[in-house]
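Chemist: Sequence first, then the predicted structure:
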Amino acid sequence: MSDKQKSVLDRILTLEIVRVTEAAAVAAARLRGQGDEKSADQVAVDAMRSELNRLPIDGKVVIGEGERDEAPMLYIGEEVGTKDGPKVDIALDPLEGTTICAKNQPNSLAVIALAEGGSLLYAPDVYMDKIAIGPGYPEGLIDLDAKPGDNLARLAEAKGCKVNELTACILDRPRHAELIAAVRKAGAAIRLIGDGDVAGVIHTTDPDETGIDIYFGTGGAPEGVLAAAALRCIGGQMQGRLLLDTPEKVERASKMGIADPNKKYSMIEMAQGDVLFAATGVTDGNMLSGVKFGNGEIHTHTVVMRSASGTVREIRARHQNIAKFN
């Protein structure tokens, strides 16, 4: 990558990428608590796409709002940006936690990750099995193919505590009944979440603050790649496997270059190279405050991270020119 390209990524990190998630978060926040998931997601998509097309990048959405025939905007494979800049891969979720936003519950986010072209996992919009922990542990401590109890025992030993002092975060879904039973049998506590597994994975990086030590379960592949991108920047371990459980899904994945439908991806394989990650709070949560409206201003709270430098910035912005969000 040339010096000119690197300087463009620097600018994106410090300002432009923030505008992208801020715009999506503000648009979605206007519909918080109104029970309309579809509309909230659509306005977030529209706002994010508009801001992406202002960026000086030659961008390709590799993880997005579905595939071309299934999503009106920001579909996998869509090209965005002014084309006057470096080629970058983009993973995004304009509204992570649509149900959370519709119910005005904690931890709904607008999220995006950018990396050098060819660096992010290019995969269909399917489910993914995931396991993740935060930083500070020996590499390879967790394994997606190990039993939940074995992963918990290894984590407890490395942390210097008992299994019953650990808390696992799991999406509250019927498909997780056996997983939940296994974790409880091992003795660990469970934090069940209704939605928002990007935040769930990120919460493992600061268990003293969030109370979450490990993330287990099956969720969207887009959220998996976004979470891997975040962990690349702030540290941790993660593995994922795409659930390509029908011939049609295997064929879709094959067309995207995935030869092994059973491959277990490491965090590095999901998000390689220099990764930029940004998230803006839509609703209040453990990590970020939600959008606040009032007195002719809009307040936003964003975290921006970069893997190459290990930099994590929190940006609390007060927007007096609210017309730009209308």
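Modeler: Cool, got the structure. Numbering: from 1, shown residues only.
Chemist: going forward, measure contacts and count neighbours with C-alpha atoms only.
Modeler: Will do.
Chemist: Which parts of the stretch 201-326 of the chain are strands?
Modeler: Applying DSSP state E, counting those that start in this stretch to the stretch 201-326 of the chain gives strands spanning 214-220, 237-242, 265-266, 275-281, 292-294, 297-306, 311-319.
Chemist: quick one: which of these is nearest Thr21?
Modeler: With CA to CA as the measure, strand 275-281 is the member of the strands of the stretch 201-326 of the chain nearest Thr21 (5.6 Å).
Chemist: The closest one: partners in the sheet, and parallel or antiparallel?
Modeler: According to DSSP bridges, strand 275-281 forms sheet pairs with strand 109-116 (antiparallel), strand 297-306 (antiparallel).
Chemist: Most tightly packed of those?
Modeler: Comparing these by mean neighbour count (mean count of other CA atoms under 10 Å), strand 109-116 ranks first with a mean of 29.
Chemist: hmm, who's touching that one?
Modeler: 21-22, 24-25, 44, 86-97, 196, 226, 229-230, 271-283 (CA atoms under 8 Å, 6 or more residues apart in numbering).
Chemist: Return a ChimeraX selection command for the buried portion of these.
Modeler: Those of the contacts of strand 109-116 that count as buried under 16 or more other CA atoms under 10 Å are selected in ChimeraX with:
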select :21,22,24,25,44,86,87,88,89,90,91,92,93,94,95,96,97,196,226,229,230,271,272,273,274,275,276,277,278,279,280,281,282,283
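Chemist: mind listing which of the contacts of strand 109-116 are in helices?
Modeler: 21-22, 24-25, 44, 226, 229-230 (DSSP state H).
Chemist: Gly77: which of these is nearest?
Modeler: Nearest to Gly77 among the ones in helices among the contacts of strand 109-116, with distances taken as CA to CA, is Leu226, at 16.3 Å.
Chemist: coming back round to it: switch the ones in helices among the contacts of strand 109-116 over to TSV; also include distance to Glu165 and pLDDT.
Modeler: Below are the ones in helices among the contacts of strand 109-116 laid out as TSV (distance: CA to CA, whole Å; pLDDT from 0 to 100):
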residue	distance to Glu165	pLDDT
Thr21	36	97
Glu22	37	97
Ala24	38	97
Ala25	35	97
Ala44	38	95
Leu226	28	94
Ala229	28	95
Ala230	26	94
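Chemist: Mind putting these into JSON lines with distance to Asp245?
Modeler: Below are the ones in helices among the contacts of strand 109-116 laid out as JSON lines (distance: CA to CA, whole Å):
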{"residue": "Thr21", "distance to Asp245": "33"}
{"residue": "Glu22", "distance to Asp245": "36"}
{"residue": "Ala24", "distance to Asp245": "33"}
{"residue": "Ala25", "distance to Asp245": "34"}
{"residue": "Ala44", "distance to Asp245": "30"}
{"residue": "Leu226", "distance to Asp245": "22"}
{"residue": "Ala229", "distance to Asp245": "25"}
{"residue": "Ala230", "distance to Asp245": "27"}
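Chemist: before we move on, which element is Lys130 in?
Modeler: strand 127-133 (DSSP states H and E).
Chemist: Report the strands that pair with that strand, each with its relative direction.
Modeler: Sheet pairing for strand 127-133, using DSSP bridges, gives strand 214-220 (antiparallel), strand 237-242 (antiparallel).
Chemist: how about the residue nearest the centre of the chain, what does it touch?
Modeler: In the chain, the centroid-proximal residue (CA atoms, centre = their mean) is Leu226; its distance is 3.3 Å. By CA under 8 Å, 6+ apart, Leu226 lies in contact with 91-92, 111-113, 198, 277.
Chemist: do that again at 7 Å, thanks
Modeler: Listed by CA atoms under 7 Å, 6 or more residues apart in numbering, the contact set of Leu226 reads 91-92, 113, 198.
Chemist: Restricted to strands, list the residues you listed.
Modeler: 91-92, 113 (DSSP state E).
Chemist: if we can go back for a sec, out of the contacts of Leu226, which is nearest to Ile17?
Modeler: Distances from Ile17 to these, taken by CA to CA, are shortest for Ala113, at 8.9 Å.
Chemist: Quickly list what the nearest residue to the closest one once chain neighbours are set aside is bridged to.
Modeler: Nearest residue to Ala113 in three dimensions, chain neighbours excluded: Phe277, at 4.3 Å (CA to CA, 6 or more residues apart in numbering). Judged by DSSP bridges, the bridge partners of Phe277 are Ala113, Met305.
Chemist: Many thanks, I have nothing further to ask.
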